[in-house]
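> need a structure here:
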Amino acid sequence: MGKQKTKKFAAMKRMISPKDNRIKEKDRAKPKEKKKKDPSLLKEREVTKYPSCLFFQYNTQLGPPYHVLVDTNFINFSIKAKLDIVQSMMDCLYAKCIPCITDCVMAEIEKLGMKYRVALRISKDPRFERFPCTHKGTYADDCLVQRVTQHKCYILATVDRDLKRRVRKIPGVPIMYISNHRYNIERMPDDFGAPRV
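Here you go, the predicted model:
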């Protein structure tokens, strides 16, 4: 038995360089000419615009009554921790709070079905302010991030780690979350926090 010839994989044909001397002058690749930079020209830079409501990290638009944008899981975890949403918010911030709920969040709770009917009943509370959504789709996280970026007058209430991470990149937006059976707030200028028990 003789040796079997194996096919060489990835074997490439050797190609001539476009700058090679053997190629005719007209077909040869021309060397690129470097443009000399004019030192007198002004450098153009794009500087990110910050909203006028921010004084460094301090948001001047925030003040009582606080408008709190509520996320789906925040309502569910509040029920689990047996917390009254409006009362617990007032205990946390020592001021009047208006929980706000968008159409996307409402749709998300409705999609969860009968298991979360208590959350649906709470979200339909007349003390909650409803915001209509004009965009396509019902992905609540994008909706909340967009709303918080446009108008810096909201506090975002969420327990979702990914959403918190996204909102932390936006300056001047406080985040309300649940920790050891009470509401707490981070990145708030006048950070009172919940009363220590």
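> every contact and neighbour count from this point should use C-alpha atoms.
Will do.
> mind checking what helix or strand follows the longest helix anywhere in the chain in sequence?
The longest helix of the chain (DSSP state H) is helix 140-150. Note on helix 140-150: by DSSP states H and E, the next helix or strand toward the C-terminus is strand 154-157.
> for the very next helix or strand once past that next one, name the packing helices and strands.
Following strand 154-157 in sequence order, the next helix or strand is helix 161-168 (DSSP H and E). Helices and strands touching helix 161-168, by 3 or more C-alpha pairs under 8 Å, 6 or more residues apart in numbering; DSSP states H and E, are helix 140-150.
> give me the buried positions along the longest helix of the chain.
140, 141, 143, 144, 145, 147, 148, 149 (16 or more other C-alpha atoms under 10 Å).
> how about those residues, which pair is most distant?
140 and 149 (14.2 Å; C-alpha to C-alpha).
> any idea how far the most centrally placed residue in the chain lies from residue 144?
What sits nearest the mean C-alpha location of the chain, by C-alpha atoms, centre = their mean, is residue 166, with 3.4 Å. Computed as C-alpha to C-alpha, to the nearest Å, the residue 166 to residue 144 distance reads 10 Å.
> and residue 99, that one's in a strand?
Yes - if the criterion is DSSP: H, G, I helix; E, B strand; the rest coil, then residue 99 is within a strand.
> fine, thanks again, bye for now.
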